[in-house]
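[1] kindly return the folded structure for what I paste below:
(2 chains)
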Amino acid sequence: MAQAKGILQLPDDPRFLDMAYDVQGPVPEEERNLLSNLNPQDREIAIKFWESVKSDFRFNEYLRGCLNCGVCTSGCPAAKFYDFGPREMIQYMMRDEVDKIWEFTNKKVWACVQCYTCSMRCPFNNEIAGLIMVLREYAVKFALPSAKEILAPYRRVLYTVLTMGNQVTPDMIQPDSFPDWGPQAVEESKNMDVYRKAIPVDLMQRTDIGWHPSLQTAVEMMTIMIESGVMDSLKGVDKDLYDMIMDIYEERKSQLEEIKQKWEKGELDESELPDSWLDL
Amino acid sequence: MSAQEVDKKIEEGIKEAFPMTDTMDWNEVYQRIIYRYSTPHGLNHVKEELYKLEDKGEIIIHHIKPYNNPVKMQTLNGFPKVIPTTRLWQHKSCGQCGHIPGYPTSVFWMMNKMEVDYMDEPHQTSCTGWNYHASGASNPVALAGVYVRNMWRAYEIDYFPLIHCGTSFGHYKEIRNMLVLHKEIREKLRPIMRKMDMDIVIPEEVVHYSEWLYTMSKKAAQQRKYNLNEVRAAVHTPCHVYKLVPEDTIYDPDVFQGRRPAAPSGTVQNFGAKLVDYSTWWDCCGFGFRHILTEREFSRSFALFKKVIPAVEEGKADVFVTSDTGCVTTLDKSQWAGKAHGFNYNLPVLADAQFAAIAMGADPYKIAQIHWHATDVEGFMRKIGVDVDDYKEKFIQYLADLREGKAEPEYLYKPHRKIDFYLSVPERVKWYKGEGQKSTSSK
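    Next up is the predicted model:
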């Protein structure tokens, strides 16, 4: 492709990559700066973001090379419905295209359905779906607007998973939020109480949780989330949710400690405990 | 085109594609074609490193013991995989327990029927993989912590973990590899585990229940109550079962000549149903983790156009059998909305465990809980000779009695003590399996 005034003209369409350039390989930094559509502030974050992704311990393990063969995109379910393709991402990564990675992360990365078909088919054994997860993880860590937008309808799920270790609850299936699931969903939600009671396993008889975890399990779950830094990431994305979970943690932790101490001393009277700590 | 014509066409197609198919020793071919999954760490299998770490005292391995009645199976890269068949710790699935409760109860019921020893406890969390793949709101240390904490609870009572969910299975394989191959993750994780009086424990194998079910399927099929010879079953093998860490999923030359995962296709086959093929067998179901909750127009379209319609139009399937939480949900719930556009397929969708349990005579409502399904499972059951109306009448009465307090819930195993809902006390197995305390079962 012709170079105008010494600046390489990059077409937006990734299908032209490799085929169209006189110069192959990463574009020199100064040229990329000139081509950037990002304002300097965004670009600074974009560079920080990309450097963090690249320094993650998984990056070099997951990204091994690219033939640009397109096998990943040809088998990709999301590529059939969205303006999205794994090859595009891998090519940007191979070329160190910070601006394109930034754009991909903000506009496209959430389209992936995480089926790992690309990873299994890739002749280079790239862990492509894993690279997508690295981008998503850092999008949350950097509290990018796209991550906030994606997580907004997800609050209840996050709350349940972080406090009780269950992703979904039976009573979330409500006719107004799942109208496309048909009359069965309406029937379920109307009779949820008795339907759950008719499940022949005591752990699964509540409507507000898939199975009833023990209090100790719930506290341990939150401990892991706090100690590993997940809660710190969440703070940037949803401060209210963060505060709520931390309050719950403190309360449940002290409940647990009290019960544990009594049990160890042999002073615990089981009959005084409520049937479920979830009702406390 | 009639079903017979479709079968004939498929047979002709296979003959044309593989002219030596009748004379070939597929076992031998399978042994020779080794898909050697390379890692940048230069290992054939991560287990090589796993044992070295145990020798160094860096980790504890939860070994499969002779009393787990292990059975040796094959994986994609030729490595053996050992499937424990009894003394199992049930690692439940959040989506199954939440929305397809007949899925885990069918597993428990089959285990009762085959006298398999198991523990199902409140001391388990989900793998958090659904949340992770959907939202990215986690990190490797947290994911490893969740994995190891659950594995510890199984290790301390010496019951081998059996993973119910396909995503948990794939995800745990990935986390296991990460823990083994990356010292920095182990170093960050260890102090967190110590805080909870635990250490890093890794089971020798990550085993999906569908692998257990396939391993047991010939034995289970001996107790089959209904004849499935006329059933044309299409199978959807869940992506996270065999595409996520592909080298750790079982294959068998008897199932699609070892070219596709053994489970759940082999289970369907061993129960006597006819396996039918369709061109998009390898495709995703459309679940998408985030999509099924907040972007369902994708899930619906994909499930219908890429899975259900090809299975019915190409394979003339009567039933769709799969082996994962998300796939059962997506394939089952996505068909109703298609009616609005004239796509009225209503293909029954079942998990392999439900399919097998129903075939073995489990109560379709009390055990397989098919009233949580949106597709025409009743129609499928009528086809194989289940007296649906009788079961249904009794179940409706049971529900009414439960509602009015005239009946007590029936249990597959003895309900837990109150203390078990608070603490994981070490002597819990002794109490649970104690003399004269045998579980009540609604076999």
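[2] rest of the way, CA atoms for contacts and neighbours
    Will do.
[3] quick one: residues contacting residue 210.
    In the absence of a named chain, chain A is used. In this structure, A:G210 makes contact with A:166, A:168-170, A:204, B:94-99, judged by CA atoms under 8 Å, 6 or more residues apart in numbering or on different chains.
[4] hm, I was asking about chain B
    B:S210 makes contacts with B:164, B:263-264, B:323, B:352-353, as judged by CA under 8 Å, 6+ apart.
[5] same thing with A:V201?
    Residues in contact with A:V201, defined by CA under 8 Å, 6+ apart, are B:105, B:411-413, B:415.
[6] reformat those residues as JSON lines; add distance to A:M231.
    Listed next are these as JSON lines, based on distance: CA to CA, whole Å:
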{"residue": "B:T105", "distance to A:M231": "34"}
{"residue": "B:Y411", "distance to A:M231": "38"}
{"residue": "B:L412", "distance to A:M231": "38"}
{"residue": "B:Y413", "distance to A:M231": "37"}
{"residue": "B:P415", "distance to A:M231": "34"}
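[7] got a PyMOL select line for the buried ones in the contacts of B:S210?
    In PyMOL, this line selects whichever of these come out buried by 16 or more other CA atoms under 10 Å in any protein chain shown:
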select buried, chain B and resi 164+263+264+323+352+353
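[8] closest one to chain A out of the contacts of B:S210, please.
    Chain A lies nearest to B:H164 out of the contacts of B:S210, by CA to the nearest CA, at 13.6 Å.
[9] cross-check the contact I'm expecting between the closest one and B:Y209.
    Yes: if you go by CA atoms under 8 Å, B:H164 and B:Y209 touch, sitting 5.3 Å apart.
[10] what residues does the stretch 151-300 of chain B have near chain A?
    Residues of the stretch 151-300 of chain B found near chain A (CA under 8 Å from any CA of the partner chain) are B:189, B:192, B:196, B:239-240, B:243-244, B:246, B:283-284, B:286-291, B:294, B:298.
[11] the residues you listed in helices, which ones?
    B:189, B:192, B:239-240, B:291, B:294, B:298 (DSSP state H).
[12] those residues: which two are farthest apart?
    Pairwise distances across those peak at 39.2 Å for B:I192 and B:F298 (criterion: CA to CA).
[13] the residue of the stretch 251-400 of chain B found nearest chain A: what's it in contact with?
    The stretch 251-400 of chain B approaches chain A most closely through B:G288 (3.9 Å), counting by CA to the nearest CA. Residues counted as contacts of B:G288 (CA under 8 Å, 6+ apart) are A:112-115, B:134, B:299.
[14] tell me the phi and psi of it?
    Taking degrees, to the nearest 10, you get phi 70, psi 0 for the backbone angles of B:G288.
[15] next: A:L38.
    Taking degrees, to the nearest 10 as the convention, A:L38 sits at phi -80, psi 150.
[16] any idea how far it is from chain B?
    According to CA to the nearest CA, to the nearest Å, A:L38 and chain B sit 25 Å apart.
[17] neighbours of the closest residue to that residue other than its chain neighbours, how many?
    Excluding the flanking residues, the one nearest A:L38 by CA to CA, 6 or more residues apart in numbering or on different chains is A:D99, at 7.4 Å. Number of residues near A:D99 (other CA atoms under 10 Å in any protein chain shown) recorded here: 21.
[18] swap in B:A221?
    B:A221 has 19 nearby residues by other CA under 10 Å.
[19] now it: how far from chain A?
    23 Å.
[20] which residues does that residue contact?
    B:270-271, B:356, B:360.
[21] will you turn those into TSV that also has pLDDT and secondary structure?
    Shown next, in TSV, are the contacts of B:A221 (pLDDT from 0 to 100; DSSP: H, G, I helix; E, B strand; the rest coil):
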residue	pLDDT	secondary structure
B:N270	98	helix
B:F271	98	coil
B:A356	98	helix
B:M360	98	coil
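[22] ok, and the most crowded of the residues you listed?
    With neighbours taken as other CA under 10 Å, the top of those is B:A356, carrying 26 neighbours.
[23] from what I can see that one touches B:F271, true?
    Yes: between B:A356 and B:F271 there is a contact under CA under 8 Å: 7.2 Å.
[24] quick one, domains of chain A?
    Annotated domains of chain A cover A:14-142, A:151-279 [automatic domain parsing].
[25] TSV please, covering these and showing mean pLDDT.
    Shown next, in TSV, are the domains of chain A (pLDDT from 0 to 100):
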stretch	mean pLDDT
domain A:14-142	86
domain A:151-279	93
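[26] so which of the ones you listed is nearest B:M110?
    Smallest distance to B:M110 across the domains of chain A (CA to CA): 13.4 Å, for domain A:151-279.
[27] next helix or strand past the lowest-mean-pLDDT helix or strand in chain B?
    Ranking every helix and strand in chain B by mean pLDDT, DSSP states H and E puts helix B:26-32 at the bottom, with a mean of 50. Using DSSP states H and E, the next helix or strand after helix B:26-32 towards the C-terminus is helix B:46-56.
[28] buried residues in that next one?
    Residues of helix B:46-56 classed as buried: B:46, B:49-51, B:53 (neighbour count, 16+ other CA under 10 Å).
[29] between those residues, which is nearest chain A?
    B:V46 (14.2 Å).
[30] and the closest residue to A:D83 other than its chain neighbours, how many neighbours?
    Nearest-residue entry for A:D83: A:K108, 7.2 Å, with adjacent residues in sequence omitted and distances by CA to CA, 6+ apart. Residues near A:K108, counting by other CA under 10 Å, number 18.
[31] surely A:K108 and A:P86 touch.
    No: contact status for A:K108 versus A:P86: not in contact, 9.9 Å apart, counting by CA under 8 Å.
[32] before we move on, back to that, got the contacts of A:G210 as TSV, with secondary structure, neighbour count and distance to B:I202 columns?
    As requested, the contacts of A:G210 are exported to TSV (DSSP: H, G, I helix; E, B strand; the rest coil; neighbours: other CA atoms under 10 Å in any protein chain shown; distance: CA to CA, whole Å):
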residue	secondary structure	neighbour count	distance to B:I202
A:N166	coil	30	22
A:V168	coil	27	27
A:T169	coil	22	29
A:P170	helix	26	31
A:M204	helix	23	27
B:C94	helix	29	22
B:G95	helix	24	24
B:Q96	helix	24	24
B:C97	helix	25	25
B:G98	helix	26	27
B:H99	helix	22	30
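[33] I am finished for the moment; much appreciated.
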